[in-house]
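got a predicted model here, sequence first, then my questions.
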Protein chains: 2
Amino acid sequence: MIQDSIRILQARGYKITQPRKQVLEVLQGAQKPLSPYDIQGLLQKQGKYVNHVTIYRILDLFCSLNLTHRVLSSGGFVKCAIESKEGCHRFMVCSRCGALQEFADEELCRDENRFAQNLGFHTEYHLSESSGLCANCHKKSEGPEGV
Amino acid sequence: MIQDSIRILQARGYKITQPRKQVLEVLQGAQKPLSPYDIQGLLQKQGKYVNHVTIYRILDLFCSLNLTHRVLSSGGFVKCAIESKEGCHRFMVCSRCGALQEFADEELCRDENRFAQNLGFHTEYHLSESSGLCANCHKKSEGPEGV
DNA sequence: GCGCTAATTGCAATATTATTGCATTTAGCC
DNA sequence: GGCTAAATGCAATAATATTGCAATTAGCGC
Ligand SMILES: [Mn+2]
Ligand SMILES: [Mn+2]
Ligand SMILES: [Zn+2]
Ligand SMILES: [Zn+2]
């Protein structure tokens, strides 16, 4: 929910401004990662002008608070879908329909950390994005009509 | 070795050109990910001019053959350090000195795939970059002079 | 070695993405 | 409602990336 994000912003002393609320709303409604200019375009369609510099700055802030994430494989931004979960947040991206699912799993992090330590590395955080077929697209690709 | 990469290019019918060899050499010698323009700059220092468009195209080709990888967290390119290893290639990046280590581990892939399947996803490949301190930097940070 | 040709590179123009400094506006406070 | 620090807008510029087409070149047969 957007309200959760707003509460976090307030708790940290950040102002609740029109552009910030608007960016949150757009990201909340999106079905895929959006670039800063995507966001600007969508807002403009609703008659709301926000300078792209402002959008960059808002996304910087949101990402620093983990309210949003940048999806590196596409370069776009998404609203965090699991704000309450500890540990690193990971993504699965459907290579067919673009659907994105966010998840977290401490076991995976532990495994990765362990492996890193064998190489002498002390991990601070993980960046993890997998590509594949979502349930829907996988079903279609082997449906009654064959592959 | 660069020779391995050259053999792969030849085997696939790609020509061995000056720019391609030069890009391979620069990447081989680099200690961190290089942007296309970094590469152009380094070559220029050696008196070798290569157009940036050419470098983009060469990197596209190399990445499609997994001779190089794009490191998403920094946007730069590295030469693959473990060409013989199967499965997805992962990176650990030192947040202090930028050192990069490439590795692969099938066990990690299996774990991730299993987790994805529980979410209904059928994984094609993983993108995995961890940030942390390399052995050297970690040693320094808790050396005799204290933290 | 020489010429041929497809593959590759260079060039020029343009698009996209991102950053900076400073003027203006506004949210939150009294 | 007025005050002020925080946030936004603006303008300029930097950095990154792509496209179409002309010029060059690697690899081939001779
Ligand atoms: Mn998240
Ligand atoms: Mn590799
Ligand atoms: Zn899908
Ligand atoms: Zn280091």
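Great, that's in hand. Ligands and ions are numbered 1, 2, ... in the order given.

now residue A:78, what are its backbone angles?
The phi/psi pair for residue A:78 (degrees, to the nearest 10) reads phi -130, psi 150.

per-residue confidence at it?
Note for residue A:78: predicted pLDDT of 98.

that one: how many residues sit nearby?
21 (other Cβ atoms under 10 Å in any protein chain shown). For the C-beta atoms, the positions are set from N, CA and C on the backbone; glycine is no exception.

for ligand 2, what is the nearest residue in chain A?
With Cβ to the ion as the measure, residue A:119 is the residue of chain A nearest to ligand 2, at 14.9 Å.

burial count for that residue?
Counted with other Cβ under 10 Å, residue A:119 comes out at 11.

got the phi/psi numbers for the nearest residue to it once chain neighbours are set aside?
Nearest residue to residue A:119 in three dimensions, chain neighbours excluded: residue B:101, at 6.0 Å (Cβ to Cβ, 6 or more residues apart in numbering or on different chains). When quoted as degrees, to the nearest 10, the phi and psi of residue B:101 stand at phi -120, psi 130.

check the one 3 residues further on too.
Main-chain dihedrals, residue B:104, degrees, to the nearest 10: phi -140, psi 140.

burial check on the residue lying closest to it once chain neighbours are set aside, number of neighbours?
Distance criterion Cβ to Cβ, 6+ apart; nearest residue to residue B:104, sequence neighbours excluded, is residue B:85 at 4.3 Å. Using other Cβ under 10 Å, the number of residues around residue B:85 comes to 14.

how about residue B:85, secondary structure?
What DSSP: H, G, I helix; E, B strand; the rest coil gives for residue B:85 is coil.

that one and residue B:30, how far apart?
20 Å (Cβ to Cβ, to the nearest Å).

rewinding a little: quick one: pLDDT of the residue nearest to residue B:104?
At residue B:85, pLDDT is 94.

wait, it sits on residue B:105?
No: using Cβ atoms under 8 Å as the test, residue B:85 is too far from residue B:105 to be in contact (9.1 Å).

pull up the gap between the residue nearest to residue B:104 and residue B:13, please.
Taking Cβ to Cβ, one finds residue B:85 at 25 Å from residue B:13.

repeat that for residue A:118.
39 Å.

neighbour count for these two, which is higher?
Neighbours per residue (other Cβ under 10 Å) separate residue A:118 from residue B:13, with residue A:118 holding more: 10 against 6.

and the more buried one, what does it touch?
Residues near residue A:118 by Cβ atoms under 8 Å, 6 or more residues apart in numbering or on different chains: none.
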